[in-house]
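A.B. asks: my questions are about this predicted structure, shown below with the sequence.
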Amino acid sequence: MKKQLGWVLGAFLFFLSLSFLPFSLNAAQEAPGMPSLVIIGGSLRYDNAEVFNKMIELAGGAGAKIAVFPTASSSPVKNGQQTVDAFKRYGADAILMPIALKNIDVDYKVAVNDPVLIAQVKSADGIYFIGGDQARITQALYTETGDRTPMLDAIWEVLNRGGMIGGSSAGAAIMSTTMFKNSVDVLSTMKVGVKEGGSIDKGLGFIGSEVFVDQHFLTRGRFARALVAMQAKGYKLGIGVDENTALVVFPTTGTVDVIGYKGALVLDLAETTTDVAVPQFNLRNAKLTYLDRGDQFNLKTKTVTLHPDKLNDVKVDTNDPKYEPYFTEELFAADILENTAVVDLMANLIDNSHKEAIGLAFTQAVDVPEPDLGFEFKFYKQSDSLGYYTGTFGGEDYSVENVHLDITPIQMGQPLYKKL
């Protein structure tokens, strides 16, 4: 009888493990000591235990030494110390690196060459960049000729030996080889494009040269400006993360886990075309994938691994003959750049009887470049479009794969409307 019970228990545990197999395999790939990045979309709350604990875990666990760089901040001492204190509350041995361009009693040009400070960074298990202005980070850590300073070499040494590099907002923007230099207005970027050394500049490139990274992505509608930068610089893959949310990236394997409050948007331009006869920004057949918290993506294979609760709940497949759409209303977004509009529309479209949806981006301000120039965003489903839904978390949570997007310049009326 005991043997039978033991066999039943063993079988139960085996099949239970199968239901979580994708995550078990990825956990094995993400071995201890593997270089890791924690890319946070900004506005990281100090009570976000999941993100702070993950950074400390990747840096080696309780007692891990985290070097906090307040370089981007206009109040580096105050804001940097607040972050140090937060790390300490979660069990890390955090230290503040006195490297900033303003409001600090240390010359950053001296600090980035200081052997004592460099030795402190080299002995760290993890590095963290707080938010602010990302141009301050690159100005401090690159020389005037664009070379790495000894301090930046030390940071790379931490990553290459298996350490963790994290950053929020400005600290996320620096992760790719190209970054937006400042908080550029999205619609203006679509109208006038990007300029090297102006709106965009050289990032620190921790994620590698193939992936573009941006932050505050859903809250501020920045997916559109990312598309402009990616097209200009030849990126085929981009990923943007929302506020109080993090991408946990293992550059060696390409694995990306989404943790925290919201989610991330993947931009795939591998099959995108542009009408070069049209001078304004335009594109055809971009593919957008929304990853919710708990989902996983591989930057090398472009494969999605869903949170188990979504994988075992409702699959929304428009190619399935038995598919019955939940939504039936025609979709139109008057401002596709507003807070979370793009992912709300994608979730509605994937589970909708209609095959496409339209969003607009425009302004009625007259004191801006080309005030009557706007853009039409046409989102549409193809055979590779899929959705997944769960109500497990208490809301209506969707993950969406491969919604296609065309962007076309349009002329808006001035004024857009008149009172009767």
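C.D. replies: Yep, that arrived.

A.B. asks: shaky segments in this structure?
C.D. replies: 1-32 (pLDDT under 70).

A.B. asks: helices of that one, start to end?
C.D. replies: 2-19, 21-29, 49-58, 76-89, 108-111, 115-122, 134-141, 150-160, 170-173, 186-192, 223-233, 308-311, 341-350 (DSSP state H).

A.B. asks: hey, which of those helices is tucked in deepest?
C.D. replies: Stretch with highest mean neighbour count among the helices of the chain: helix 170-173 (a mean of 29; mean count of other C-beta atoms under 10 Å). Every C-beta, even on glycine, is put in place using the N, C-alpha and C of the backbone.

A.B. asks: which residues touch residue 417?
C.D. replies: Residue 417 sits next to no residue when contact means C-beta atoms under 8 Å, 6 or more residues apart in numbering.

A.B. asks: relative to residue 319, which of the helices of the chain is closest?
C.D. replies: Residue 319 lies closest to helix 341-350 among these, at 12.1 Å (C-beta to C-beta).

A.B. asks: nearest to residue 261, of the helices of the chain?
C.D. replies: helix 49-58 (8.9 Å).

A.B. asks: tell me the helices and strands packed up against that closest one.
C.D. replies: Applying 3 or more C-beta pairs under 8 Å, 6 or more residues apart in numbering; DSSP states H and E, we find helix 49-58 packed against strand 36-40, helix 76-89, strand 126-129, strand 164-168, strand 245-250, strand 255-260.

A.B. asks: dump the ones you listed into JSON lines; add distance to residue 409 as well.
C.D. replies: Putting the helices and strands packed on helix 49-58 into JSON lines (distance: least, C-beta to C-beta, whole Å) gives the following:
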{"stretch": "strand 36-40", "distance to residue 409": "31"}
{"stretch": "helix 76-89", "distance to residue 409": "40"}
{"stretch": "strand 126-129", "distance to residue 409": "36"}
{"stretch": "strand 164-168", "distance to residue 409": "34"}
{"stretch": "strand 245-250", "distance to residue 409": "31"}
{"stretch": "strand 255-260", "distance to residue 409": "32"}
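
A.B. asks: so which of those gets nearest residue 52?
C.D. replies: Across the helices and strands packed on helix 49-58, residue 52 has its closest neighbour in helix 76-89 (6.6 Å, C-beta to C-beta).

A.B. asks: just the C-alpha atoms of the closest one, please, in PDB.
C.D. replies: Output in PDB follows, covering the C-alpha atoms of helix 76-89 (Å, rounded to 0.1, in the frame of the first residue of the first chain):
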ATOM      1  CA  PRO A  76      22.400  62.800  -6.500                       C
ATOM      2  CA  VAL A  77      23.300  62.700  -2.800                       C
ATOM      3  CA  LYS A  78      19.700  62.800  -1.600                       C
ATOM      4  CA  ASN A  79      18.200  60.500  -4.300                       C
ATOM      5  CA  GLY A  80      21.200  58.200  -4.300                       C
ATOM      6  CA  GLN A  81      21.100  57.700  -0.600                       C
ATOM      7  CA  GLN A  82      17.400  56.900  -0.700                       C
ATOM      8  CA  THR A  83      18.100  54.100  -3.200                       C
ATOM      9  CA  VAL A  84      21.000  52.900  -1.100                       C
ATOM     10  CA  ASP A  85      18.700  52.700   2.000                       C
ATOM     11  CA  ALA A  86      16.100  50.800   0.000                       C
ATOM     12  CA  PHE A  87      18.600  48.200  -1.100                       C
ATOM     13  CA  LYS A  88      19.800  47.800   2.500                       C
ATOM     14  CA  ARG A  89      16.200  47.300   3.700                       C
END
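
A.B. asks: tell me what that helix is packed against?
C.D. replies: helix 49-58, strand 65-69, strand 93-96.

A.B. asks: could you redo the last one with a cut-off of 6 Å?
C.D. replies: Packing contacts for helix 76-89, counted by 3 or more C-beta pairs under 6 Å, 6 or more residues apart in numbering; DSSP states H and E, involve strand 65-69, strand 93-96.

A.B. asks: can you pull out the residues in contact with it?
C.D. replies: If you take C-beta atoms under 6 Å, 6 or more residues apart in numbering as the criterion, helix 76-89 is touched by 46, 66, 68, 70, 73, 94, 96, 100, 104, 130.

A.B. asks: quick one on the thing from earlier: mind putting the helices of the chain into CSV with distance to residue 285?
C.D. replies: Shown next, in CSV, are the helices of the chain (distance: least, C-beta to C-beta, whole Å):
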stretch, distance to residue 285
helix 2-19, 35
helix 21-29, 29
helix 49-58, 34
helix 76-89, 42
helix 108-111, 45
helix 115-122, 44
helix 134-141, 31
helix 150-160, 35
helix 170-173, 27
helix 186-192, 18
helix 223-233, 12
helix 308-311, 26
helix 341-350, 16
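
A.B. asks: compare these and give me the one nearest residue 392.
C.D. replies: Of all the helices of the chain, it is helix 308-311 that lies closest to residue 392, at 4.3 Å by C-beta to C-beta.

A.B. asks: wait, residue 265 touches residue 241, no?
C.D. replies: No: the pair residue 265 / residue 241 is not scored as a contact, 8.2 Å apart, by C-beta atoms under 6 Å.

A.B. asks: shared neighbours, these two?
C.D. replies: By C-beta under 6 Å, 6+ apart, residue 265 and residue 241 have these common neighbours: residue 217.

A.B. asks: so which of these two has more stuff around it?
C.D. replies: Legend: neighbour count by other C-beta atoms under 10 Å for residue 265 and residue 241, higher for residue 241 (29 against 23).

A.B. asks: so the closest residue to that one other than its chain neighbours versus residue 221, what's the distance?
C.D. replies: Once flanking residues are discounted, residue 241 sits nearest to residue 41: 3.8 Å by C-beta to C-beta, 6 or more residues apart in numbering. Residue 41 sits at a distance of 13 Å from residue 221 (criterion: C-beta to C-beta, to the nearest Å).

A.B. asks: who has more neighbours, those two?
C.D. replies: residue 41 (30 against 20).

A.B. asks: residues in contact with the more buried one?
C.D. replies: 215-217, 241-243, 245.

A.B. asks: again, only this time at 7 Å
C.D. replies: Residues near residue 41 by C-beta atoms under 7 Å, 6 or more residues apart in numbering: 172, 215-217, 241-243, 245.

A.B. asks: returning to that earlier point: which of the contacts of helix 76-89 lies closest to residue 35?
C.D. replies: Taking C-beta to C-beta as the measure, residue 35 sits nearest to residue 66 out of the contacts of helix 76-89, at 15.4 Å.
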